[in-house]
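*Asks:* Quick check, what structure comes out for this input:
(2 chains)
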Amino acid sequence: MFTYFVRRLVSLVPTLVFVSMLIFGLQQLLPGDPAQMLAGEDQRPEVIEHYRQKLHLDEPLPVQYGYWMSGVLRGDLGESVRTQLPVLELILQKLPVTVELALLSMLIALVISIPTGVISAVKRGSAWDHGATVFALSGLSMPNFWLGIMMILLFSVELGWLPASGYVSPFEDFGANLAAMIMPAFVLGTGISAVLMRHTRSSMLQVLAADYVRTARAKGLSEKVVVLKHALRNALTPVITLGALELGTLLSGAVLTEQVFTIPGFGKLIIDAVFNRDYAVVQGVVLVTATAYILLNLMADMAYFVFNPRLRH
Amino acid sequence: MGTLTSTIASPVGARPAPAGPWRRAGRKLARNRVAMLGLAAVLFFVGLAILAPWIAPHDPLAAGWSTIRKAPSSAHWFGTDDLGRDVLSRVVWGTRASLLAGVVSVVISLALGVLIGMLAGFFGGWVDALISRITDAFLACPFLILAIALAAFLGPSLTNAMIAIGVSAAPIFVRLTRAQVINVKVEDYIEAARAVGCSPLRIAVSHILPNITAPVIVQSTLAIAAAVIAEASLSFLGLGQQPPAPSWGSMLNTAKNFMDSAPWMAVWPGLAIFVLVLAFNLLGDGLRDALDPRLR
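*Replies:* Below is the predicted model:
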């Protein structure tokens, strides 16, 4: 098991190196002089020169990458041209907001998808099953920012139950925080629940056809015990690990959802950075997102390995 | 050859010749009512896009002071927007940007993905290792975040959004094509082609490519659905089609500022995105059922 983990960890190194090259390479796409572009609004010659020297733009490309990478490894992701703050500090400031949104969304997604998926599998071919399939396909096809706008129209504009925007820290006022986060979390959660429901359904169908389920039934156990205790427990392993893979969708979705509900998280940071031409922040956010995604995938893989005794040998 | 075929074919001529795999798949698809509904909806939107100048009741760019944020009426079925433009006409014209973005981005993904995937699968060795690592790196960045970053560095425009979406989605096709090529290249008929002296290019183009088309078609249809959402998302964020040209995503971006006073501005463009994406997803699912031999 240990050797598997080490091998898996080592295999990440080239991926991470290529990710960093890809993100570094983004600035090569900038039209014209990168120093001029990176200086943003402040186009004084000394500022442009400062960027030229700081980013070693006179040096050949591999050398530039070397300097950039050595900074990244020391936690130096550059500096925001707008706020003059280190990019890492900005990201760490915004991260908790998006993490809260992501966790709430995942919770909502699991609460919706697992019971729906289980019932669909148990009652395969029933009206419930067809209804759940339609729900899943609609969830996959619905642009989540539009769902957000529609929910604001209903719950904020029409009914006045929930605030349309504005974020309050949970440490300041937990109730207000929840009121502001529930709609965005629901919007993000439903999209993911569509995918998870499909996984739960197919995983349950597979497990329900297994020999040990037949044995459990033959022993005379009640259907409830068979489904919940024997089948579900085994069916959930792949669902939980596949759920971790949905993190990418969650992060992409958060960019749009935060924009709709004006939540000051990670997604808002990247979009504001894009419009302020704050390229170092854009690169920093993509790098952190990709690294987090890779590490979560690794954890999902390991969890799968740990929970699935058959793979251990 | 023709005579030979007809001679052999004649004794069984009384019975209809067995249908080829494509025809069989076509028949199966035609029997799938849900997929046909998807196809009909896709064709409806294609019709809207082509006939936009004749269907749209008003000029999508014509602003009017007297018609600002008017609720739906007989003159403006979907109401008017913040500049007094007809929402229905903008939704109709917006079909062009969405469909164009969906199709062009997937063509870019296909061109890059299938070519690179074939190289990786066909040559194997270090070429495959290198391509696979680069693909992993692309797949490690969440699709939309990568597209946003690419669009940001390229500059906001519909063309750049299509390039950004196409490049971001290409790794999925690289992986799919590579896996298919690896499966197909060990088949006896490839060995036979090699034995009779076919060049690697000829083997790749005339023997491998036709045999990996089915899964690529299925994936392309589903990718168009994802690309339509991605283009709407980028336009919603201001990174796609630029105003005043109509696009569903940018219409929603504007609509979000007038939710109190003009809620109709937000309903129709979003509904259009939803229906078009749903249509491509239904068609894609149907194609998968029809083309996947394991499901037959």
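*Asks:* helix or strand for B:Gly249, which one?
*Replies:* Assessed by DSSP states H and E, B:Gly249 sits inside helix B:248-255.
*Asks:* any idea how far the helix or strand that comes right after that helix is from the chain center?
*Replies:* The C-terminal neighbour of helix B:248-255 among helices and strands, as given by DSSP H and E, is helix B:264-291. Put simply, helix B:264-291 sits 11 Å off its chain's centre (Cα atoms, centre = their mean, to the nearest Å).
*Asks:* What count of nearby residues applies to A:Val97?
*Replies:* A:Val97 is flanked by 23 other residues according to other Cβ atoms under 10 Å in any protein chain shown. Any C-beta I mention is one placed from the backbone N, CA and C, and that applies to glycine too.
*Asks:* quick one: contacts for it?
*Replies:* With contacts defined as Cβ atoms under 8 Å, 6 or more residues apart in numbering or on different chains, A:Val97 is in contact with A:167, A:263-266.
*Asks:* mind putting those residues in a markdown table, distance to B:Gln241 included?
*Replies:* Compiled in a markdown table, the contacts of A:Val97 are given as follows (distance: Cβ to Cβ, whole Å):
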| residue | distance to B:Gln241 |
| --- | --- |
| A:Tyr167 | 30 |
| A:Ile263 | 25 |
| A:Pro264 | 27 |
| A:Gly265 | 26 |
| A:Phe266 | 25 |
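*Asks:* most surrounded residue in those residues?
*Replies:* Neighbour max across the contacts of A:Val97 (other Cβ under 10 Å) = A:Phe266, 27 neighbours.
*Asks:* Adding secondary structure and pLDDT, write the contacts of A:Val97 out as JSON lines.
*Replies:* Shown next, in JSON lines, are the contacts of A:Val97 (DSSP: H, G, I helix; E, B strand; the rest coil; pLDDT from 0 to 100):
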{"residue": "A:Tyr167", "secondary structure": "coil", "pLDDT": "83"}
{"residue": "A:Ile263", "secondary structure": "coil", "pLDDT": "89"}
{"residue": "A:Pro264", "secondary structure": "coil", "pLDDT": "89"}
{"residue": "A:Gly265", "secondary structure": "coil", "pLDDT": "88"}
{"residue": "A:Phe266", "secondary structure": "helix", "pLDDT": "84"}
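*Asks:* Name the nearest residue to B:Trp77, sequence neighbours excluded.
*Replies:* B:Leu88 (5.0 Å; Cβ to Cβ, 6 or more residues apart in numbering or on different chains).
*Asks:* Any figure for the gap between B:Ile145 and chain A?
*Replies:* Distance, B:Ile145 to chain A, using Cβ to the nearest Cβ, to the nearest Å: 5 Å.
*Asks:* what are the ranges of the helices in the stretch 1-150 of chain B?
*Replies:* B:2-9, B:21-31, B:33-55, B:87-123, B:125-140, B:143-154 (DSSP state H, counting those that start in this stretch).
*Asks:* Most tightly packed of the ones you listed?
*Replies:* helix B:143-154 (a mean of 25; mean count of other Cβ atoms under 10 Å in any protein chain shown).
*Asks:* Any regions of the stretch 1-150 of chain B where pLDDT drops low?
*Replies:* The model of the stretch 1-150 of chain B has pLDDT under 70 over residues B:1-19.
*Asks:* Name the residue of the stretch 151-296 of chain B that lies nearest to chain A.
*Replies:* In the stretch 151-296 of chain B, no residue comes nearer to chain A than B:Gly270, which is 3.3 Å away by Cβ to the nearest Cβ.
*Asks:* Nearest spatial neighbour of that residue, chain-adjacent residues omitted?
*Replies:* The shortest distance from B:Gly270 to any non-neighbouring residue, by Cβ to Cβ, 6+ apart, is to A:Trp146 (3.3 Å).
*Asks:* What is the burial count for residue 285?
*Replies:* No chain in the question, so chain A it is. Using other Cβ under 10 Å: A:Val285 sits among 28 other residues.
*Asks:* You answered for a different chain; I wanted chain B.
*Replies:* By the criterion of other Cβ under 10 Å, B:Asp285 has 19 neighbours.
*Asks:* can you list the residues of the stretch 51-200 of chain A near chain B?
*Replies:* By Cβ under 8 Å from any Cβ of the partner chain, the residues of the stretch 51-200 of chain A that approach chain B are A:137-138, A:140-143, A:145-146, A:149-150, A:152-153, A:156-157, A:164.
*Asks:* Which one, of the helices of the stretch 1-150 of chain B, ends up nearest to B:Ala214?
*Replies:* Ranking those by proximity to B:Ala214 (Cβ to Cβ) places helix B:21-31 first, at 7.5 Å.
*Asks:* could you dump stretch A:145-160 to PDB, C-alpha only?
*Replies:* Output of stretch A:145-160 as PDB, limited to C-alpha atoms (Å, rounded to 0.1, in the frame of the first residue of the first chain):
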ATOM      1  CA  PHE A 145     -25.800  31.500 -13.200                       C
ATOM      2  CA  TRP A 146     -29.300  31.600 -14.800                       C
ATOM      3  CA  LEU A 147     -30.700  29.300 -12.100                       C
ATOM      4  CA  GLY A 148     -29.200  31.800  -9.600                       C
ATOM      5  CA  ILE A 149     -30.900  34.800 -11.300                       C
ATOM      6  CA  MET A 150     -34.200  33.000 -11.300                       C
ATOM      7  CA  MET A 151     -33.900  32.100  -7.600                       C
ATOM      8  CA  ILE A 152     -33.100  35.800  -6.800                       C
ATOM      9  CA  LEU A 153     -36.200  36.800  -8.800                       C
ATOM     10  CA  LEU A 154     -38.400  34.400  -6.800                       C
ATOM     11  CA  PHE A 155     -37.000  34.400  -3.300                       C
ATOM     12  CA  SER A 156     -35.600  38.000  -3.100                       C
ATOM     13  CA  VAL A 157     -37.500  40.100  -5.500                       C
ATOM     14  CA  GLU A 158     -41.000  38.400  -5.400                       C
ATOM     15  CA  LEU A 159     -41.200  36.900  -1.900                       C
ATOM     16  CA  GLY A 160     -38.500  38.900  -0.100                       C
END
